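J.: Okay, predicted coordinates and the sequence, questions at the end:
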Amino acid sequence: TAGGGSWDWWGFDSAVIVSVLGFCCWPHLFMRSMAAKDELSIKRMVVMYPTIQIFMVPVLIIGFSAILKFPGVQPADTILPFMLQHAGLSPWLVGLASAGTLAASMHTGDAIMHAAGIVGVRDGLALLWPRPLSDAAERFLTRLLILLVTAVAFYLAVASHASLVALLLASYGGMAQLFPVLLATFYWKRATMAGVMSGLVAGVAVNCLFLAVPAWRPVPLHEGVYGLAANILLLVSISLLTQPQSAEKAEQYVEPGWD
């Protein structure tokens, strides 16, 4: 675990499963996929993206070596900057490495912040607003929401004592609840809006419940797995009990074709 203790197979395996399912559902990644110019672009991305992960191997080796060289560093996720500061390297080299790390985090962070603002306004506030939003109002609300999300992220990064791993696993539990919805959208014509929304709300609620009160979990599985179980159960059952949408509407989602 992040604290250095042993991790049972329940928690480890379920955390890996939730991370894999949740990774492909992040809005900033999913939005880019939907903006692909053709089917070949998506196929090329799927093939090439995993090869980039090869660069993670040296990072893992550096991290494990640093733990052996500098044991007891707290918090544990600051081992890399600690190692750079105490390895006797040139200050210029430390500065360049720190600048590269900051640039990499900004490249990911700005995409996440913009996706949160756009989704929050387009799929949230715009639906609840009493009248249609103008472009100027939508842009202002998006910027305001980005500031709020950034403030929360800053608190979690600086003031919170939770590790990066714990924060990531907590977020992946919620994101993984979109995976059954994604499958049902493209591969199951019988899915209905009532089933999808019931499963999504139940999955997120169960995930948050066991995240807040981990002692209530029957076995030490990741809370996202319990959310997925409730999600899939309600998605399937409610969809079978409610009136399906027309075949013409379903064909728009499940049949291949690029317009």
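T.: Received the coordinates, thanks.

J.: all contacts plus neighbour counts: C-alpha atoms, from now on.
T.: Fine.

J.: hey, where'd the helices end up in the protein?
T.: Assigned by DSSP state H, the chain shows helices spanning 9-23, 27-34, 39-52, 56-69, 79-86, 91-120, 126-128, 135-158, 164-175, 178-187, 193-212, 223-241, 247-254.

J.: mind putting those in CSV, mean neighbour count and mean pLDDT included?
T.: Converted to CSV, these look like this (neighbours: other Cα atoms under 10 Å; pLDDT from 0 to 100):
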stretch, mean neighbour count, mean pLDDT
helix 9-23, 16, 86
helix 27-34, 14, 74
helix 39-52, 11, 80
helix 56-69, 12, 78
helix 79-86, 16, 75
helix 91-120, 14, 80
helix 126-128, 13, 81
helix 135-158, 15, 86
helix 164-175, 18, 84
helix 178-187, 18, 87
helix 193-212, 20, 92
helix 223-241, 22, 93
helix 247-254, 12, 70
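
J.: Not counting residues beside it along the chain, what's closest to A247?
T.: Ranked by Cα to Cα, 6 or more residues apart in numbering and with sequence neighbours excluded, the top spatial neighbour of A247 is K189, at 7.9 Å.

J.: The one you found: neighbouring residues, count only.
T.: Burial of K189 is recorded as 17 neighbouring residues (other Cα atoms under 10 Å).

J.: how far away is it from Q252?
T.: As judged by Cα to Cα, to the nearest Å, K189 and Q252 stand 10 Å apart.

J.: Please apply the same query to V213.
T.: 41 Å.

J.: what does Q245 give?
T.: 12 Å.

J.: go on, H28?
T.: H28 sits 23 Å away from Q252 when distances are taken as Cα to Cα.

J.: same deal with D38?
T.: Distance from D38 to Q252, by Cα to Cα: 17 Å.

J.: What separation do you get for S41 and L240?
T.: Applying Cα to Cα to S41 and L240 gives a distance of 35 Å.

J.: State the pLDDT value of E255.
T.: For E255, the model assigns a pLDDT of 63.

J.: So for stretch 72-81, first residue to last residue, what's the gap.
T.: 14 Å.

J.: to the chain's geometric centre, what's the distance from it?
T.: Averaging C-alpha positions (Cα atoms, centre = their mean, to the nearest Å) puts stretch 72-81 24 Å from its chain's average.

J.: Begin at 45 from now on, thanks
T.: Okay, using 45 as the starting number, the last item reads as stretch 116-125.
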